[in-house]
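Q: starting from these lines, generate the structure:
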Amino acid sequence: QVQLVESGGGLVQAGGSLRLACAASGSFSSINFMGWYRRAPGKQRELVALIASGGSTNYADSVKGRFTISRDNAKNTALLQMNSLRPEDTAVYYCNAGVRLYGLGPMNDYWGQGTQVTVSS
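A: So this is what the prediction gives:
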């Protein structure tokens, strides 16, 4: 079983910064991609940032230039550094990872439990 555990959410004023961490644990062969999604009240879940095993990244237009995703493959962790936060960034942030349980087996999708980020104006 693979578990993704998020940490680092909280309350911050507009313009402030937060860093989210996602740690993968369990028995698996490799992690392909790791990413962050968010769901704001009354809105659909949206992709925030994604990082592949080789380091290539993808960001939502709304966070480009403000958020940075990184990963430590040796520690199976992903970080999301969030700067210049805005009230519209308020949401529950979920870690997502594509994981191969064995060798060249299929890639399975896993989700964390979510962490609340609240940005006050």
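Q: could you pull out the helices for the protein?
A: Using DSSP state H, the chain contains no helices.
Q: quickly list what the residue nearest the centre of the chain is bridged to.
A: Centroid check for the chain by CA atoms, centre = their mean gives Trp36 as the closest residue, at 2.6 Å. Going by DSSP bridges, Trp36 is paired in beta bridges with Ala49, Cys95.
Q: give me the contact list for stretch 57-75.
A: Contacts to stretch 57-75, defined as CB atoms under 8 Å, 6 or more residues apart in numbering, come from residues 23, 31, 34-36, 46-51, 53, 55, 77-85, 88-89. (Each C-beta comes from the backbone N, C-alpha and C, glycine too.)
Q: so among those, which ones count as buried?
A: For the contacts of stretch 57-75, a neighbour count by 16 or more other CB atoms under 10 Å gives the buried set as 23, 31, 34-36, 48-51, 77-80, 82, 85, 89.
Q: can you pull out the strands in this structure?
A: 2-7, 10-13, 18-26, 30-39, 46-52, 57-59, 67-72, 77-82, 91-100, 107-111, 115-120 (DSSP state E).
Q: how about TSV for those, with mean pLDDT added?
A: Formatted as TSV, these follow (pLDDT from 0 to 100):
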stretch	mean pLDDT
strand 2-7	96
strand 10-13	98
strand 18-26	97
strand 30-39	96
strand 46-52	97
strand 57-59	98
strand 67-72	97
strand 77-82	98
strand 91-100	97
strand 107-111	95
strand 115-120	98
